[in-house]
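>>> Just to be clear, the model below is a prediction. Sequence and coordinates:
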Amino acid sequence: MDDRLIDSLAAAVRATPDDLILRLHLAGLLVDAGREPEAVSHVATVLATEPGSPEALALMARAMSGPAPSETAAAPAAPAATPPSEDPGDDGTTGRGGFDWHAAESELDGAVGPMFVDGSTEDPGPAYDVRSAGVRLADVGGLTDVKKRLEASFLAPLRNPELRALYGKSLRGGLLLYGPPGCGKTFLAKAVAGELGAAFLHVSLADVLDMYIGQSERNVKELFEVARSSAPCVLFLDELDAIGGRRSLNRNSGARTTVNQLLTELDGVGSDNEGVFVLAATNHPWDVDPALRRPGRLDRTVLVLPPDREAREAILRTHLHDRPVERIDTRRLAKSTEGFSGADLAHLCESASEYALLDSVDTGQVRMIGMTDFDRALGEIRPSIGPWMETARNVALYANASGEYDDLAKWLRKQR
């Protein structure tokens, strides 16, 4: 066998490792050339993907039946009474090199499962983690206006089915939370699930996106099926602009069909979404496909703003609750952190704790966290929502013809 042909095929396999047919062809040539160990590795790769492939199993048998090269070289050439048959006999007992298959099978206690396949018959459980929320709206610091909006548009109709029926209030559709990053949109979604006593299923881009064609759409379908089977359940779509971005701006056909599948599941085509409450969050609602925000889908919108002064003080107290603090003026800190998001405040507390820890290490004497540590941290930390506000201001000024961002425009005017 020409080694140059084998080397060319090996290079092609390295370039396209998922081409199983090409890999099997290379393995066959390696077996014919007496290079069984190399062939075994390629066939094992194929069997890892397709355990029941007849071609791969046959090639594995051929590669494993011949003697290793070292044994062939060391063993003296013994004359055989009858030359070994290269092909199985009529009774199927011998193969390449005269291997006795019936004798080998008799040494096994039972059937042997395919290579690389777990023989366990236990149910692996659900593919996605559905858990209890564990928090309520009372655990959310500040955001009074947001809580009232959630209560009026989402929670009150759910808690009062008689009144809902009286006023003909429909529960179709979902709720979209939007606003600057780090302001508690995910925490609010968990709190809504806690208020409803429902399970909570957090869906991110990693749960949906897949490299293989059609798999992302199947992931979306499976996520909704898991939510329906766990009803009542809050299905939370995090970073909706990444999962359901504008199809008009996306040239990737896979991303476009994923959005189409998401629209189908939200409409409940072929399935009943009763008991599945869809919440979504995004920092950039203007990048979300408009079809996702039509009536019956994510048609209710709530702006989640950075915490006000009272909320900042409550957030600071929460983050300092389990830390060794001394004479911390949370009111002054709340006043000095105008424009900080909840994540910024958590970072502020973490930085102040680091200063106290390093000082304790340097002096060898443990001390409490004081205002001097916070003053040092405030000198270095700035609000992280500045870039978002620039983008939001442009949207509110030049892309708000429909009035859907009036609440955002009103808040931005106050910030001036």
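Perfect, thanks for sending it. Residues are numbered from 1 along each chain as shown.
>>> and the gap between the residue most central in space within the chain and Ser216?
Compute the mean C-alpha point of the chain, and by Cα atoms, centre = their mean the closest residue is Ala206, 2.6 Å away. According to Cβ to Cβ, to the nearest Å, Ala206 and Ser216 sit 11 Å apart. Every C-beta, even on glycine, is put in place using the N, C-alpha and C of the backbone.
>>> all helices of the stretch 101-250 of the chain, in order?
Listed in chain order, the helices of the stretch 101-250 of the chain (DSSP state H, counting those that start in this stretch) span 101-106, 144-150, 156-159, 161-167, 185-196, 205-208, 215-229, 240-243.
>>> rank those by pLDDT, which is bottom?
When the helices of the stretch 101-250 of the chain are compared on mean pLDDT, helix 101-106 scores lowest, with a mean of 67.
>>> Ser53 touches Leu47, doesn't it?
Yes: using Cβ atoms under 8 Å, Ser53 is in contact with Leu47, at 6.7 Å.
>>> who's more crowded, these two?
Leu47 (20 against 17; other Cβ atoms under 10 Å).
>>> Would you agree Thr301 falls within a strand?
Yes: residue state for Thr301 (DSSP: H, G, I helix; E, B strand; the rest coil) corresponds to a strand.
>>> Please name the nearest non-neighbouring residue to it.
The shortest distance from Thr301 to any non-neighbouring residue, by Cβ to Cβ, 6 or more residues apart in numbering, is to Leu176 (4.9 Å).
>>> Quick check: the one you found vs Ser229, distance?
24 Å.
>>> Looking at the residue nearest to Thr301 now. What's its pLDDT?
91.
>>> Then Glu71?
41.
>>> picking up where we left off before, please name the residues that touch the residue nearest to the centre of the chain.
Under the criterion of Cβ atoms under 8 Å, 6 or more residues apart in numbering, Ala206 has no contact partners.
>>> switch to 10 Å and redo it
Asn219, Ala242 (Cβ atoms under 10 Å, 6 or more residues apart in numbering).
>>> Give me the nearest residue to Ala255, chain neighbours excluded.
Nearest to Ala255 is Gly245, by Cβ to Cβ, 6+ apart, at 6.7 Å.
>>> Can you give me the neighbour number for the one you found?
Neighbours around Gly245, by other Cβ under 10 Å: 22.
>>> Where does the prediction get shaky in the stretch 301-416 of the chain?
416 (pLDDT under 70).
>>> 80 instead?
415-416 (pLDDT under 80).
>>> which residue ranges form the helices in it?
Under the criterion DSSP H, counting those that start in this stretch, the stretch 301-416 of the chain contains helices at 309-320, 330-336, 342-363, 371-378, 386-398, 406-415.
>>> Mind checking the ones you listed for the one nearest to Leu158?
When the helices of the stretch 301-416 of the chain are compared by Cβ to Cβ, helix 406-415 sits nearest Leu158, at 23.0 Å.
>>> Give me the residues contacting that closest one.
145, 149, 178-179, 285-286, 301-303, 305-306, 338-339, 389, 392-393, 395-397, 400, 403, 405.
>>> re the thing from before, right, and the helices of the stretch 101-250 of the chain - which one's nearest Ile328?
helix 185-196 (23.0 Å).
>>> So which elements touch the closest one?
strand 131-132, helix 144-150, helix 156-159, strand 175-178, strand 199-203, strand 233-237, strand 276-282 (3 or more Cβ pairs under 10 Å, 6 or more residues apart in numbering; DSSP states H and E).
>>> Can I get it as PDB, trimmed to CA atoms?
Coordinates of the C-alpha atoms in helix 185-196 are reproduced here as PDB (Å, rounded to 0.1, in the frame of the first residue of the first chain):
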ATOM      1  CA  LYS A 185     -33.700  41.600  36.500                       C
ATOM      2  CA  THR A 186     -32.800  38.000  37.100                       C
ATOM      3  CA  PHE A 187     -33.400  38.400  40.900                       C
ATOM      4  CA  LEU A 188     -36.800  39.900  40.100                       C
ATOM      5  CA  ALA A 189     -37.700  37.000  37.900                       C
ATOM      6  CA  LYS A 190     -36.900  34.600  40.700                       C
ATOM      7  CA  ALA A 191     -39.000  36.700  43.100                       C
ATOM      8  CA  VAL A 192     -42.000  36.500  40.800                       C
ATOM      9  CA  ALA A 193     -41.600  32.700  40.700                       C
ATOM     10  CA  GLY A 194     -41.500  32.700  44.500                       C
ATOM     11  CA  GLU A 195     -44.600  34.800  44.700                       C
ATOM     12  CA  LEU A 196     -46.400  32.300  42.500                       C
END
